[in-house]
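Student: Model the structure of this input:
(chains A, B and C, ligands or ions: 4)
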Amino acid sequence: MSAATVQAPVVAEHAVVAAPARASAPRRAFLRTANPLVSLAGPFPLMVVVFFVADLRVLAAMGVATAILVVAGTLPGPRVSAAVLLGAPLTAGIVAVSFGFWVDAAAVASTPVLVQAGPWAYHAGQLEIGLLTGLRVVDLMLLALLGALATTGPDVVRASIQHLRIPYRLGYAALAAVRFVPRFGHELEVIRSAHRVRGVARGRGPVAATRRQAGYAVPLLAGGIRHAERVSYAMDARAFGAHSTRTERTTHPWRLRDTALVLSFWAACVAALVLAAGV
Amino acid sequence: MTASDGRPASDLAALLDMRDVVVRHVLEDGETVEVSPRATPDGVSLRVDVGEVVLLLGPSGSGKSTLALAANGLVPHVVPARMGGTVQVGGRDTRTHEVPTLSSAVATVFQDPDAQVVTGSVLDEVCFGPENLLLPVAEIERRAELALRQVGLWERRAEAPERLSGGGRQRLAIACALALGSPLLVLDEPTANLDPAGKEEVYDVVREIAASGRHGVLLVEHDLDAAADLVDRVVVLDGSGRQMVSGPLRTVLSEHIDELVALGVWLPVATLAAVRLGLRDGQGNLPVTPEELATLLSARSAAGRLPEPRVDAARSVAPGATVIDVDGLTVRARRRTIVDDVSFRVTAGELLAVVGANGAGKTTLLKAVAGVTRPPRRTVRIAGLDPARADVADLASRVGYVFQNPEHQFVTGSVRAELRHGLTVRGVAPDESEVRVEEMLERFGLTDLAARHPFLLSGGQKRRLSVGTAMICRPEVLVLDEPTYGQDRERAAELLGLLDALHSEGTTVVLVTHDMQVVADHATRVIALADGRIEADGPPGLVLSDQPLMRRCHLRAPHLARATSHLPAPWNTVTRLADVPLSSPTAPQTVEISA
Amino acid sequence: MKSVTTRYLMTCAAIGAAAGVLLIPVNFLAFAFTATAPMLVAVIVGFWLVGPVTALALVRRPGAALLTSGVSGVISMASPAGPSAIVTTLMVGAALELGFLITFYKVWKPWLFYATATAFQLYYLYTAFTFYEMETTSTWTQVLFCTLMMVSAWAAVWAGLRLAARLADTGVARGLAPRRTVANADTARADV
Ligand SMILES: Nc1ncnc2c1ncn2[C@@H]1O[C@H](COP(=O)(O)OP(=O)(O)OP(=O)(O)O)[C@@H](O)[C@H]1O
Ligand SMILES: Nc1ncnc2c1ncn2[C@@H]1O[C@H](COP(=O)(O)OP(=O)(O)OP(=O)(O)O)[C@@H](O)[C@H]1O
Ligand SMILES: [Mg+2]
Ligand SMILES: [Mg+2]
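Tutor: Numbers count the residues shown, from 1 in each chain, chains lettered A, B, ... in the order given. Ligands and ions are numbered 1, 2, ... in the order given. Model prediction:
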C-alpha cells in the first residue's frame, strides 16, 4: 500500500469530525446512559448502610429492589439477568446455611433445633444469624454489580475529571494505565515461555508454582515501568500538563435526571435506616 | 511557568540551536547515586533551520537519543541528568521552559510505536496534543484532520491504534507531532521496529514534510539507505560522544569515509560498495543512494571498466542430515490463525533467514518450532525431538532461543549468573562452567560488566548477553529473533560474524530479520512469510530478486540489489557486499567488515 | 501538581495496572468466598496491599500508595465489584499513606510498612466483625479469623517490599525517589 501518497489537505466537507462511537448501551438502559458518577454516588451510601442494618426484612427488601434495578436499569441481556434474579436468592440461602455453622451454638441454644446429627445440632438461631450475613452479602454484591454493569472505569475517570475536579493529569495516568492491561497479558505470556525454556524453578507442587509466579513479577513489572516511562516522555512531548486544564472533546454532562437518580438512591438509604430502626 | 509565551518563533531564530551540549546521566546503583563520569554527548553544537533535515550519526551509546531528548527539554527536566551548554528551540531556552510548554515549538517521535499511544482511537490520539494546548474544539479537529490526511490515516480515524501496522502507528505518531503545530520535528529511530514497506511509508511522509518548507527535522537513524536521499546535513558523534564532523551528507561521507568506517556507524550500502570498487563520481563524491550507485555502475559498465564480481561458491550448502522438520504446522491464538499450514525442512549447517512483514507470524513460527510454545504433536521435529512432548531441559540443551526482547529471558540478578544459569540447570560441573562463563564474557566484551544487573546494560549489551546465554550451552540449533536490532554496524557485524563462525562449525542457525542486506550477506536460504503462510523458500539470490513477491510480502530488495538489478550479467545478480570486488589492495581495506 | 512529573505518575500507574489486573480475579474470589467461606476472605485481604506497598517502597514519594491503589481500582472495576472497587482500593491506599504522613515521609524503614499495615488491618477487622456479626461466632473462629488476616497482611507487606527491592535493582526507579542525595553533584555541575 502506498498510503503515504499524501493527499492534499481537504477540510471543507469534513468540517465536523465525528466523535468515536461510545459503548453502545441500549437506549432505555437508564443507568447506563446516566452520568457515570451516578453509579458511584448512588449505590455507595447504600453499601455502607448495609453494614448497619440488622433487620432481615429491610435487607431482603433492599436486595429485591436492587436486583430489579440491576435488570431494569442496565438491561444486561437474558443470561446475566437470569443469573442475577436466580443467583441472588440462591446465594443468600447458601451463605445463610454455611454461615450458620460458624455461629457459636451455645449462644443460640434456646432456639429450636433444625437438624440433629448425634451430639451436634443446628439451631434455628444459627440459621437466622446466618441469613443476616447472607442477605448482607447478596445486597452488597448486587449494589456492586449495579455499578459494574452501568459504567466502565475509563468513563468514571473522565466524568470525575469533569465534575469532581480530580486533576486531569491523575485521571489521564489512570486512563493510560487501562491500555497497559492487554500489554501485560502479552508480556506475561512471553516471559512465562522464556522462563520455561531457561529452566527456572522447574518442578511440581504449589511451592515451585509460587516461586515461578513470583519470578515473573519482576521482569513483568520492570518492563511495565520502562514502558510507562517511555509513554510518559511521549505524553510530556505532547504538551501534557502545559495548562491546569485541557480541552475535552467528549463530555459527560450532568443532567437533572442524574440528580434525581442520585437523590432517589439516597432516599432509599434513609428509608432503609428508618425502617430498620423503627422495627 | 505560564504556557507558551505566545510569541511565534521568529523567522530569524533557528528552529533548533544547540551550543556545546554536554550531558551526564545520573546513575543509580542500589543506594548510591552518582553522576556518570562519561559525558554523552560531549560538546555538541548543531543548528536546524526551516526546510532542513539534519541527521545525527554515531555509534551505539554515543548519546544520540540523549541529544534528541535534550532538544525537547526532557533532558534535563525529566530524565535524571546534568546538562551543560545551551539548547534553544524557536528562540526559547529549554532550561527555563518546561517540557509541555516547549511542545508547540518541538515535537518528537520516538522509536517504539507502542510506547506513544495514550488513547483508544486514532482520532483521539491525534487530538491529545492540541487538547493539552487548550485549543478550541473546532481548531483541534481541523488540525487533527489535516495531520491525519497528511500521513494517510484519515480514513482509519475511528480505529484503535493497536489495529494499525507498525508503520501505520509510526505515521500516527508523526501525525500527532504535526497536530501540535510545532515547526521542529525530532525523530529518534522512527523506523527501527518496522518492516521494509512500513519504513518506506514513514520516509515518504517525512520526505513530504521536509519538502513542505514549513518544518525542520532532526533525525536519528541507523538505516541510512532508507533516509539518505532526504538528508541535507549530517552531524557525526564519535564513540565518546564528541562531535567529530558535520556538514552536507555527501561531502562528509566522501571526505571522511575512512574515519566513518572505523567508527563503526552504519553507512549506506551504496557508499560501502562504491568504496570497495574505488568508484567516485566526477566531483570525487561517493554515491549515497542505490540509484546513484546504479548510475555510476552503468556508466562504468558501458565503458567496459567494471571488474567481474566475486562469486562465492563455498556458500552453497551440501545437503546434510535433516535437523528441523516442520510438517503442516498451524498455530492459532484467540480464534485467529497466525501460522497457517507451514511445512519446511532445514538440514545441518544451513543458515536460514525468516523474513516477512510486521505481524506476518515470524516470531510465532519460530517459537513453535523451537518449542518455546508447544506446537501440536507430530508437526515439528527439531534436533531429534518433538517439542510438543520433549522435556524442556532436553530441548533447551539442544536448541538455543534468543528472544526478540532480550529482557524477557533474563532470570537472574547479574551478567555472570545469567551466563552460569543455563550450565547449572544442565548440571555442568562448577569448574568447567566457570571456565566457559569467563570465556563467554571475554568473547562478548562483558568482562567488566560481569557483576552488573542485566537490566542495567545498554541495548546492545543486553542483546549480546542474550545471545551468549543461548550459545554457552552449545546447542545444535540456534534460533534468533532479530539479533541485530538496535546494534550499530560494528556490533552487528561482530554478532553476524559470530553466527557465521558457528554456522561454519556446523551449528544450524535460524534467524528473523527485517534487514534484507543481512539476509543477502549471510543467509544460505530464505523463507518469506506472509499472513502466516510461506510465500517463498529458496536461496537469497532467487527470493530477494523476485520483485512482485517481495512487494507482496511487504519487503524490498536489498539496497545493493536495487543498484545492480539493471546491470548486465553477471552483475545483475550481485546482492552481497562481499561479492563486490575490491578495486585496489590499498584503499578500501577498511571496508573488510561487511554491512 | 507541577512538581509531580508525568514519569512518576505513569510509574505508579504501571504498578497500579499490574495490581489491578491481579485484583480482578481476587475480586471474583472475594465474592465467592464471602458467599461460601468467609474465613478465606481473611486470607486474600493481603492482595489489596501488595501494589501500594510496592509503589511506596519503590518510589518513596508522598501519594504513591494512593495513586497506585486508585489506578488499580479503576482497572479492577472490570469485575463484579464495579465502581466500589475504587472506593476499596482508595481506602487501602489512603490508610497506607497515613503511617508515612505522620512521619512526614522521612522514614522508609520496613517496620513502618508493617506497623501501618497492622493498624489498617485492625480497623478492617473491626468493620469485618460488624459485617459478619463475628461476636456471635465461637472464640476460636474469631482468633483464627484475626490471625489469618494479620498474617495475610504481613505476607503482603513482605512481598511488596521484596518486589520493590528487586525492581530497584533493575534500575527502573532511577531518579524517581527524591530522598537520595546525589554524590559529587556539585563537582559534576562545575565541570559541565
Ligand atoms: N536513563 C539513563 N540512565 C543512565 N545512563 C543512561 C540513560 N540513558 C542513556 N544512558 C547512557 O548514556 C549513553 C548514551 O545513550 P544514548 O541512548 O543517548 O545513546 P544512543 O547514541 O542513542 O545509542 P543507540 O544507537 O544504541 O540508541 C549510553 O552510555 C547509555 O548507557
Ligand atoms: N498470543 C497471541 N494472541 C493473539 N494474537 C497474537 C498472539 N501472538 C501473536 N499474535 C498476533 O499474531 C500476529 C503475528 O505475530 P508475530 O509476533 O508472530 O509477528 P512477527 O512476524 O514476528 O512480527 P514483527 O516483525 O512485528 O515482530 C500479530 O498480528 C500478533 O498481534
Ligand atoms: Mg538511541
Ligand atoms: Mg517478531
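Student: wait, what's in contact with the residue in chain C positioned nearest to ligand 2?
Tutor: As assessed by C-beta to the nearest ligand atom, ligand 2 sits closest to C:Val21 within chain C, at 16.4 Å. To be clear about C-beta, it is placed using only N, CA and C from the backbone, and glycine gets the same treatment. Residues in contact with C:Val21, defined by C-beta atoms under 8 Å, 6 or more residues apart in numbering or on different chains, are A:181, A:184-185, C:75-76.
Student: same thing but 6 Å
Tutor: By C-beta atoms under 6 Å, 6 or more residues apart in numbering or on different chains, C:Val21 lies in contact with A:181, A:184.
Student: ok but it is inside a helix, no?
Tutor: Yes: under DSSP: H, G, I helix; E, B strand; the rest coil, C:Val21 sits within a helix.
Student: Against C:Thr54, how distant is it?
Tutor: C:Val21 sits at a distance of 14 Å from C:Thr54 (criterion: C-beta to C-beta, to the nearest Å).
Student: can you check C:Ala165 too?
Tutor: 10 Å.
Student: same question, C:Gly175
Tutor: Applying C-beta to C-beta to C:Gly175 and C:Thr54 gives a distance of 18 Å.
Student: These two - which one has more neighbours?
Tutor: C:Thr54 (30 against 20; other C-beta atoms under 10 Å in any protein chain shown).
Student: which stretch of helix or strand covers the residue nearest to the more buried one when sequence neighbours are not counted?
Tutor: Take C:Thr54 and drop its neighbours on the chain: the residue closest to it by C-beta to C-beta, 6 or more residues apart in numbering or on different chains is C:Gly160, 4.4 Å away. In this structure, C:Gly160 sits in helix C:139-169 according to DSSP states H and E.
Student: mind checking the SS state of B:Val331?
Tutor: Under the three-state scheme (three-state DSSP), B:Val331 adopts strand.
Student: likewise B:Val326?
Tutor: B:Val326 falls in the strand class when you classify it by three-state DSSP.
Student: who's in contact with it?
Tutor: B:342-344, B:369, B:380.
Student: switch the cut-off to 8 Å
Tutor: B:342-345, B:369, B:379-380.
Student: now do B:Arg491
Tutor: B:60, B:264, B:460, B:464.
Student: Ligand 2 next: which of those are close?
Tutor: With C-beta under 6 Å from any ligand atom as the criterion, no member of the contacts of B:Arg491 is in contact with ligand 2.
Student: How many neighbouring residues does the residue in chain C that chain A sits nearest to have?
Tutor: In chain C, the residue that lies nearest chain A is C:Gly82 (3.0 Å; C-beta to the nearest C-beta). Using other C-beta under 10 Å, C:Gly82 has 28 other residues around it.
Student: For it, give me phi and psi.
Tutor: C:Gly82 adopts backbone torsions of phi 60, psi -150, taken as degrees, to the nearest 10.
Student: by contact count, what packs against the biggest helix by length in chain A?
Tutor: With secondary structure taken from DSSP state H, chain A has its longest helix at helix A:205-237. Judged by 3 or more C-beta pairs under 8 Å, 6 or more residues apart in numbering or on different chains; DSSP states H and E, helix A:205-237 is in contact with helix A:168-178, helix A:180-197, helix B:74-77, helix B:99-102, strand B:106-109, helix C:6-36, helix C:139-169.
Student: from the chain's centre, how far out does that helix sit?
Tutor: 24 Å (C-alpha atoms, centre = their mean, to the nearest Å).
Student: hmm, back to that, tell me the pLDDT of the residue of chain C closest to ligand 2.
Tutor: On the pLDDT scale, C:Val21 is placed at 92.
Student: just A:Gly73 next, same as before
Tutor: Looking at A:Gly73, its pLDDT reads 89.
Student: Now it: closest residue in space that isn't a chain neighbour?
Tutor: Nearest one to A:Gly73, counting by C-beta to C-beta, 6+ apart, is A:Leu31 at 3.6 Å.
Student: Wait, that neighbour touches A:Ile68, no?
Tutor: No: using C-beta atoms under 8 Å, A:Leu31 is not in contact with A:Ile68; the gap is 11.9 Å.
Student: Pick out whichever of these two has more residues nearby.
Tutor: When A:Leu31 and A:Ile68 are compared for neighbours, A:Leu31 comes out ahead with 23 against 13, by other C-beta under 10 Å.
Student: In contact with that one, which residues are there?
Tutor: So A:Leu31 contacts A:38-39, A:69, A:73-74, A:146, A:149-150, A:261 (C-beta under 8 Å, 6+ apart).
Student: Neighbours of B:Gly120, how many?
Tutor: Residues near B:Gly120, counting by other C-beta under 10 Å, number 17.
Student: residues in contact with the nearest residue in space to it that is not next to it in sequence?
Tutor: Nearest non-adjacent residue to B:Gly120, counting by C-beta to C-beta, 6+ apart: B:Ala160, 6.0 Å away. B:Ala160 is in contact with B:120-122, counting by C-beta under 8 Å, 6+ apart.
Student: mind putting these in CSV, distance to ligand 1, pLDDT and secondary structure included?
Tutor: Formatted as CSV, the contacts of B:Ala160 follow (distance: C-beta to the nearest ligand atom, whole Å; pLDDT from 0 to 100; DSSP: H, G, I helix; E, B strand; the rest coil):
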residue, distance to ligand 1, pLDDT, secondary structure
B:Gly120, 29, 87, coil
B:Ser121, 31, 91, coil
B:Val122, 28, 95, helix
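Student: of these, closest to B:Val48?
Tutor: Proximity of the contacts of B:Ala160 to B:Val48 (C-beta to C-beta) peaks at B:Val122, which lies at 28.5 Å.
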